[in-house]
Every structure is written in structure tokens, then in C-alpha cells.
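A.B. asks: When you get a sec, could you give me coordinates for this:
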Amino acid sequence: MSQAATADRGAASQSEVSAPRGRWGAGDLAFIAVFAALLAVFAAMPAIPAGGAGVPITLQTLAIALCGMVLGPARGFLATALYVALGLIGLPIFSNFSGGLGVLAGPSAGYIAGFALYALVVGAVAGWAVRRLRGWRLWLVLFLGGLLASFLTVHPLGIAGMSLNLGLTLPQAFFADMAFWPGDVLKNAGAAALAVVVHRAFPAVLIRR
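C.D. replies: Numbers count the residues shown, from 1 in each chain. Alright, predicted model coming up:
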């Protein structure tokens, strides 16, 4: 084989190896669409009223955590952002089958604003942990990372939204938000457990080889 042919073959092989990295395909778009639909399904499940603030306890945050833990930061963020965008344009896919821009004037506005950021931060944790950990260690990091992410994103924005739209003081809104803390612990634990199972069965979902 000539040196030119060998060089051409080597260049082609290098191109084949490096081309897929960083590129998204139809599979990524499908994951984004499927998880956005999953969010809508979880939001449609019966909500539990939580105190007098008017913000119900739902399974939305479990599904959002799962988006980030399974898809990683970019795709998890986009799946959640797609869900929020579809709800804001009028589709009744938020809790209690609500939708439209009117929800931004309601008590849940801040929580909705934090959804995509929550998926982004959780996804960043998952992107690091899934490459390095397995078993209960992976579950623990995903659980603690998801819980920390919720208290850095969803809860502060939710408190601010209740204070602004309900006329509550920040301490009053903070105490109203505390009703969601036990549920967040359980939902992040459940999402982490599901994510560990998914990554064990389908490791290429987040880590492409």
C-alpha cells in the first residue's frame, strides 16, 4: 500500500472518530421531546394542596430531576425549557391542567421559572458522576446533587415568586416554601434511583462511546 493511500486512510479514520463528538442527531432531539412529554404526564397527575399559598405539591420536580440525571445538562435543560415554553403558549400541561402566560401572575410562577435551571444544574452533576461512580455512590451523589440544585434554583425563585405575586414578605414566603422540603427529599431520592437503573441498563444515554 502506498504512503499516500495509508495517509488518506489514517485521515479518514481520524475524521470518523472525531466527527460524532459534540454533534447532536435525531436521537438527541427525540430524547428532548420524550422527556418534555414525560414532564407533562407527571404534571397531569393529581396534585396535593400545600397550605394557603396556593402552590400544590406535584411530581413535576421528580421528572425534572430525572431529565437532568439521565440526559445531562444541555439536553435536560432543553427538554425542560421546551415543556415550560409549551405551557406558556397555552397548552394545559402545568399542574391542575393550567397553561398560558397567566401562570406568571400566579403563586407558582417562580417555581416554573426555576425548572430549566434545576435540570441544568442536576445535569451537570450527573455528567460528572456517571463517568466516575457506580452503584450506591452514584445514587448518593445524584441524590445530594439534585437536592442541592433544587435549593439553589427552584426554591429561591419560588420564594421570590410567592412574595411578588401573593404580597407575602420574604420570611412568610420562606415558611410557605418549607412545605415542599420533605417532598423534595423523597423525589430526588426516587429520581436518583431511577437514573442509576437507566444508566446501568443504557450507559450510552449520557456517555457516548
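A.B. asks: gap between residue 60 and residue 176?
C.D. replies: 18 Å (C-beta to C-beta, to the nearest Å). Where you see a C-beta, it was placed from the backbone N, CA and C, and this is true even at glycine.
A.B. asks: More neighbours: which of these two?
C.D. replies: Set residue 60 next to residue 176 and count neighbours by other C-beta atoms under 10 Å: residue 60 wins out with 27 against 22.
A.B. asks: Tell me who's in contact with the more buried one.
C.D. replies: Taking C-beta atoms under 8 Å, 6 or more residues apart in numbering, we find residue 60 in contact with 39, 42-43, 95, 115.
A.B. asks: tell me which of those residues is nearest to residue 165?
C.D. replies: The closest of the contacts of residue 60 to residue 165 turns out to be residue 95 (C-beta to C-beta; 15.5 Å).
A.B. asks: Pull the contacting residues for the closest one.
C.D. replies: 43, 47, 56, 58, 60, 108.
A.B. asks: Counting only strands, which of the contacts of residue 60 make the cut?
C.D. replies: Counting by DSSP state E, no part of these is found in strands.
A.B. asks: Assign the residue nearest to the spatial centre of the chain to helix, strand or coil.
C.D. replies: In the chain, the residue lying closest to the centroid (C-alpha atoms, centre = their mean) is residue 119, at 2.8 Å. Per DSSP: H, G, I helix; E, B strand; the rest coil, the secondary structure class of residue 119 is helix.
A.B. asks: Looking at the contacts of residue 60, spot the one nearest residue 161.
C.D. replies: Of all the contacts of residue 60, residue 161 sits closest to residue 115, with 12.0 Å by C-beta to C-beta.
A.B. asks: Kindly tell me how buried that closest one is, as a neighbour count.
C.D. replies: 24.
A.B. asks: how far away is it from residue 149?
C.D. replies: Computed as C-beta to C-beta, the residue 115 to residue 149 distance reads 11 Å.
A.B. asks: quick one: low-confidence ranges for the protein?
C.D. replies: 1-22, 50-54, 208-209 (pLDDT under 70).
A.B. asks: mind running it again at 50?
C.D. replies: Residue ranges of the chain with pLDDT under 50: 1-21, 209.
A.B. asks: Going along the chain, name the helices of it.
C.D. replies: For the chain, the helices defined by DSSP state H cover 3-18, 26-44, 60-71, 73-88, 109-129, 135-152, 154-166, 170-177, 181-201.
A.B. asks: deepest of those, which one?
C.D. replies: helix 60-71 (a mean of 29; mean count of other C-beta atoms under 10 Å).
A.B. asks: okay, the angle between that helix and helix 109-129?
C.D. replies: The directions of helix 60-71 and helix 109-129 differ by 30 degrees, with axes from the mean of the first three to the mean of the last three C-alpha atoms, to 10 degrees as the criterion.
A.B. asks: so how far is helix 60-71 from its chain's centroid?
C.D. replies: 4 Å (C-alpha atoms, centre = their mean, to the nearest Å).
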